[in-house]
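**Q** my questions are about this predicted structure, shown below with the sequence.
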Amino acid sequence: MRVGIEVGGTFTDLVAVDGSRVEVVKVPSTPASPDVGAFNSLTAAGIEPALVTDLVHGSTVATNAILERKGARVAFVTTRGFRDILFFQRHDRRNIYDLHYKKPMPPLRRRDCFEVAERVSSNGDVVLPLDTAEIERDLIPLLAEGGYGAVAVCLLSAYATPAHEAQVKALIGAALPKIRVTCSHEVAREFREFERATTTVLSAYVQPVIDGYLSRFETTLAAARFTGSFSVMQSNGGRLPAVAMRKNSITALFSGPAAGVVGAVRQAERSGRKDLITFDMGGTSTDVCLVVDGTPSVSPETEVDGLPIRTPVLDIVTVGAGGGSIVWIDDGGMLRVGPRSTGATPGPACYDRGGTVPTVTDAHVVRGTIRADAFLGGTMRLDVDKAHRAFEEVATKLGLSVREAAAAAIRLAVANIVRAVQLVSTERGRNPRDYALLPFGGAGPLLAAEIADELGVREIIVPPNPGVISAFGLLAADFVRVAGVTRRVVLSDDAPPVLREEFARFREAAEREFRGLGLDGALIFELTAEMRFIGQAFEIPVDIDPGRLPTLSAADLAEEFSAAHRRIYFHGGEPGRKVEIVGLRFGVRRPLDKLPEFRERASRVVNSGETTVWTGGSALSARLVDAATLVPGKATCGPAMVEGYSSTLWVPPGWQVERDNPGNLIMRKV
């Protein structure tokens, strides 16, 4: 049996696959102890951990530790003269018209920043040797007295040669073995010292939290006689065994959203669709991602709480428009949706757990696109009256009826998501009409048709059990390791040998690491060169087929760079202008032996007959359809509500839906 458990802001999802049997479960998350919610899902599914051979996990533990400032007390060690780098940051303003704007604050104080005497040039030459005596005499006693749980070491040019950082780590480790030490060359061996420093500090900050979380998880699993493999999802769309994640926990920041994209893409490929716009609408937010030819866009950098983090992540745009997003009136009297959310506790008013403010989920209950007795397949009953009462104040202020106010909130949520889709498509030179829309998450299919209408998209693909597709994505993910290195070289005949040398070094290390993790089998390698015209401030990624490396020439690299530049900027640059390689990014992938089957879970309630859906102020009679009963070759025309265990698909007039042979629901504009 293979099991994927994804901890979200509102619900914890489980997908278990055992041959032809598929088990799907959603239980409320427990934000204070996410591991409790994870084991609650196993209990709800009736699964004995001893029977599980492969357990994959994704959670928001690392992200929450940063956002809530609940990480370890961390010390920062850097080269003398650069103590304030975390506070100086970049000379930019995110909100240029905000007179009260303040730069994002790192998770430590200035008194927690220390300097050591050393200097290495940008090409790796030692200018000033490391003063080890000073470290033993001055630094280590300060660290011992400070009560630190972690130390982040980021020396100025450690990306060029990590020898001094390794020495600092060894000295601290020998004197203070209980303190975890994280070095910048281990998490982001790249230039741009501010971004590298924040990445190192945040990695050290969350490392003890992740270690503690995984240790508790593994202890509980061991007590339940679990002997299978235990993996954790990464932000880059791949997973790694839990033991490997302890070395670089920062890669697990956005494991949940990444898993959702992976699961959706893998399932859509079964229907032959590879050009997609995915949107995951859960309880707290909506995550949107562009997928071209079956490959999600990847960004080399992300940020959390305004702080940059140099780690590859799926290029996902997030907006505060989830099922739990609060509907409110701003100071100007305008209706707003999000970004604040009720979360799992107390949740929307209709959950009857103490929530009183209106949310998007309450709006659906009022509109009728969520039926109170069919929620989660009938396992959780909603309170319709409390949903109506939650909207009374908003409706009164707007001079609308409760149903009109709920419909307005839904239209606003649609507009927020449409804007996010435009950010990943239109504003990057992609026409959304050329893609199929792929909604998932508990609330995604409810708004899919309305979003598609706004964008001019004519095809929607809804995977089975869309509310738990992130948990399925955990099981569908390959084992992946990504690493980057700064290596500046002018594009000439000297460049290809550098690429071959660095790639051979990475390949040898990756093969050794995967063997050590017990990941036998064929490995797939990837190579990306970060290139730019000399004098430019930032570079663009150029994908290179590793199979071409033996015969790759400087002319080939120049041609690849020109093509990549043209795709982004619609021109190849000035003829004859010199180009340089700034850095290299490597990837290694161990593919799954077999993608598990995924079928719709049957609901526990009778989904037949008709129901009333309120669109604006008018009533619309809609057919009720059980998602599990839809078969290939039989189309259902809107208006209809296709109800499943984990989500409901709203099919408005002018659309029709049909299940295909791989099990996906295909919606088309009539």
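**A** Yep, it's here. Residues are numbered from 1 along each chain as shown.
**Q** using PDB, list the CA coordinates for the helix or strand bottoming out on mean pLDDT in the chain.
**A** One helix or strand of the chain scores below all others by mean pLDDT, DSSP states H and E: helix 61-67, with a mean of 83. Taking C-alpha atoms only, helix 61-67 is exported to PDB below (Å, rounded to 0.1, in the frame of the first residue of the first chain):
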ATOM      1  CA  VAL A  61       5.400  23.300   8.800                       C
ATOM      2  CA  ALA A  62       8.500  25.100   7.400                       C
ATOM      3  CA  THR A  63       6.400  28.000   5.900                       C
ATOM      4  CA  ASN A  64       4.400  28.500   9.100                       C
ATOM      5  CA  ALA A  65       7.500  28.500  11.200                       C
ATOM      6  CA  ILE A  66       8.700  31.500   9.200                       C
ATOM      7  CA  LEU A  67       5.400  33.400   8.900                       C
END
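**Q** I'd like to know which elements that helix is packed against.
**A** When contacts are defined as 3 or more Cβ pairs under 8 Å, 6 or more residues apart in numbering; DSSP states H and E, helix 61-67 sits against helix 193-223, strand 302-304. Where you see a C-beta, it was placed from the backbone N, CA and C, and this is true even at glycine.
**Q** average model confidence for the helix or strand following the shortest one?
**A** Taking DSSP states H and E as the definition, the helix or strand that follows strand 302-304 towards the C-terminus is strand 307-309. Predicted confidence along strand 307-309 averages 91 (mean pLDDT).
**Q** ok, stretch 48-56 next?
**A** For stretch 48-56, the mean pLDDT works out to 94.
**Q** contacting residues around it?
**A** Identification of contacts with stretch 48-56 by Cβ atoms under 8 Å, 6 or more residues apart in numbering yields 1-5, 16, 42, 221, 224-233, 239, 474-475, 477.
**Q** assign a three-state SS to residue 278, would you?
**A** Using DSSP: H, G, I helix; E, B strand; the rest coil, the structure places residue 278 in strand.
**Q** what does residue 572 give?
**A** Assigned with three-state DSSP, residue 572 falls in the coil class.
**Q** drop anything exposed from the contacts of stretch 48-56.
**A** 1-5, 16, 42, 221, 226, 228-233, 239, 474-475, 477 (16 or more other Cβ atoms under 10 Å).
**Q** so, low pLDDT: which residues of the stretch 551-670 of the chain?
**A** The stretch 551-670 of the chain contains residues with pLDDT under 70 at 603-607, 616-617.
**Q** just the helices in it please.
**A** Taking DSSP state H, counting those that start in this stretch, the helices of the stretch 551-670 of the chain run over residues 554-569.
**Q** for the protein, which spans come out with low pLDDT?
**A** Checking the chain against pLDDT under 70 turns up 603-607, 616-617.
**Q** how's it carved up into domains?
**A** What automatic domain parsing lists as the domains of the chain is 2-66+211-252, 73-202, 255-322+414-473, 479-590.
**Q** residue 345 is nearest to which of these?
**A** domain 2-66+211-252 (6.6 Å; Cβ to Cβ).
**Q** centre of the chain to the closest one, how far?
**A** Relative to its chain's centre, domain 2-66+211-252 lies at 16 Å (Cα atoms, centre = their mean, to the nearest Å).
**Q** could you do stretch 414-428 as well?
**A** 17 Å.
**Q** sorry, back to before: single out the most deeply packed of the helices and strands packed on helix 61-67.
**A** Of these, the one with the most neighbours on average (mean count of other Cβ atoms under 10 Å) is helix 193-223, at a mean of 21.
**Q** just to revisit the earlier point, list the buried ones in the least confident helix or strand of the chain?
**A** Applying 16+ other Cβ under 10 Å to helix 61-67 flags 61-66 as buried.
**Q** again, but for stretch 350-362
**A** Going by 16+ other Cβ under 10 Å, stretch 350-362 has these buried residues: 350-352, 355, 357-362.
**Q** do the same with stretch 441-458
**A** Within stretch 441-458, the residues scored as buried using 16+ other Cβ under 10 Å are 441-455, 457.
**Q** over to stretch 78-98?
**A** Neighbour-count burial for stretch 78-98, counted by 16+ other Cβ under 10 Å, picks out 78-80, 82-83, 85-86, 89.
**Q** kindly report the same for stretch 624-643.
**A** 624-628, 630, 636, 638-643.
**Q** stretch 36-56 too?
**A** 37-42, 45, 47, 49, 52, 54-56.
**Q** stretch 470-487 now?
**A** For stretch 470-487, burial by neighbour count (16+ other Cβ under 10 Å) applies to 470-477, 479-487.
**Q** what is the end-to-end distance of that stretch?
**A** Stretch 470-487 has an end-to-end distance of 36 Å (Cα to Cα, to the nearest Å).
**Q** how far does that stretch sit from its chain's centre?
**A** Distance of stretch 470-487 from the chain centroid (Cα atoms, centre = their mean) equals 11 Å.
**Q** distance to residue 595 for the helices and strands packed on helix 61-67 - can I get that in JSON lines?
**A** Putting the helices and strands packed on helix 61-67 into JSON lines (distance: least, Cβ to Cβ, whole Å) gives the following:
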{"stretch": "helix 193-223", "distance to residue 595": "25"}
{"stretch": "strand 302-304", "distance to residue 595": "27"}
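**Q** list the residues that contact the nearest residue to residue 654 once chain neighbours are set aside.
**A** Using Cβ to Cβ, 6 or more residues apart in numbering and skipping the chain neighbours, the partner closest in space to residue 654 is residue 670 (5.6 Å). If you count contacts by Cβ under 8 Å, 6+ apart, residue 670 has them with 637, 654-656.
**Q** and residue 320, by the same measure?
**A** Contact analysis of residue 320 by Cβ under 8 Å, 6+ apart lists 284-285, 337-341, 416.
**Q** hmm, back to that, take the buried residues of helix 61-67 and write them to CSV, including distance to residue 396.
**A** Formatted as CSV, the buried residues of helix 61-67 follow (distance: Cβ to Cβ, whole Å):
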residue, distance to residue 396
61, 41
62, 42
63, 37
64, 36
65, 41
66, 39
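**Q** which of those sits closest to residue 187?
**A** Among the buried residues of helix 61-67, residue 62 lies closest to residue 187 (Cβ to Cβ), at 12.7 Å.
**Q** how far away is residue 19 from residue 53?
**A** 12 Å (Cβ to Cβ, to the nearest Å).
**Q** let me fix that, I meant to ask about residue 267.
**A** 22 Å.
**Q** and residue 399, by the same measure?
**A** 60 Å.
**Q** go on, residue 76?
**A** Per Cβ to Cβ, residue 76 is found 42 Å from residue 53.
**Q** distance from the one helix or strand residue 340 maps to to the middle of the chain?
**A** Taking DSSP H and E as the criterion, residue 340 maps to strand 335-341. Chain-centre distance of strand 335-341: 21 Å, with Cα atoms, centre = their mean.
**Q** remind me what the next helix-or-strand element following that strand packs against, helices and strands.
**A** For strand 335-341, the following helix or strand on the C-terminal side (DSSP H and E) is helix 360-367. Applying 3+ Cβ pairs under 8 Å, 6+ apart, one finds that helix 360-367 makes contact with strand 325-329, helix 384-398, helix 402-424, strand 610-615.
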